[in-house]
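Q: quick one, what's the 3D model for this:
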Amino acid sequence: QVRLAESGGGLVQAGDSLRLSCAASGSAFSRSALGWFRQPPGQERKFVAAISWNGGNTYISDSVKGRFTISRDSAKNTVYLQMSRLKSEDTAVYYCAADFRNPVDWPSLPPPLLWGQGTQVIVSS
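A: Numbers count the residues shown, from 1 in each chain. Have a look, this model is predicted:
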């Protein structure tokens with residue numbers, strides 16, 4: 001069974017750092033790109049970052065560029081979102097996703113094929 005399992009969310013202070021992890025299980029998506037979306041309270045889900053299956057290609061939203069980085073451990077099929085200098089507007093449910101498209105195409109429809117359950121990040125100002 002293919003599954004994405006996020007971890008690492010929590011309550012932090014503005015200016016803090018936090019790292020989210022997402023482990024992908026199941027061979028069907030072993031060569032897929034992995035990435036992150038987020039959904040702030042009362043808003044639509046939006047693209048954050050994505051990384052190709054071999055880690056050689058990344059794409060990060062302008063809204064978080066310079067503060068967030070995405071990386072991947074292909075051996076573990078796990079993707080990480082390192083978030084730094086967090087702001088209150090980063091408060092959201094963060095969803096891991098998997099898809100076979102190039103990361104640069106992730107902000108566009110259609111949405112990724114597979115989604116995790118989400119992990120809550122709350123940034124207190």
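Q: contacts, neighbours, all on C-alpha from now
A: Fine.
Q: ok, so what distance separates the spatially most central residue of the chain from Val64?
A: Centroid check for the chain by C-alpha atoms, centre = their mean gives Trp36 as the closest residue, at 2.1 Å. Distance, Trp36 to Val64, using C-alpha to C-alpha, to the nearest Å: 12 Å.
Q: cool, Leu86 as well?
A: Distance, Leu86 to Val64, using C-alpha to C-alpha: 10 Å.
Q: can you pick out the residue with more neighbours from those two?
A: Leu86 (22 against 16; other C-alpha atoms under 10 Å).
Q: okay but that one is in contact with Ser17, surely?
A: Yes. With contacts counted by C-alpha atoms under 8 Å, Leu86 reaches Ser17, the gap being 6.3 Å.
Q: low-confidence stretches in this protein?
A: By pLDDT under 70, the chain contains no weakly predicted segment.
Q: which neighbours do Trp36 and Val64 share?
A: Counting by C-alpha atoms under 8 Å, 6 or more residues apart in numbering, the common neighbours of Trp36 and Val64 are Val48.
Q: quick one on the thing from earlier: which ones are touching the residue nearest to the centre of the chain?
A: Phe47, Val48, Ala49, Ala50, Leu81, Tyr94, Tyr95, Cys96, Ala97.
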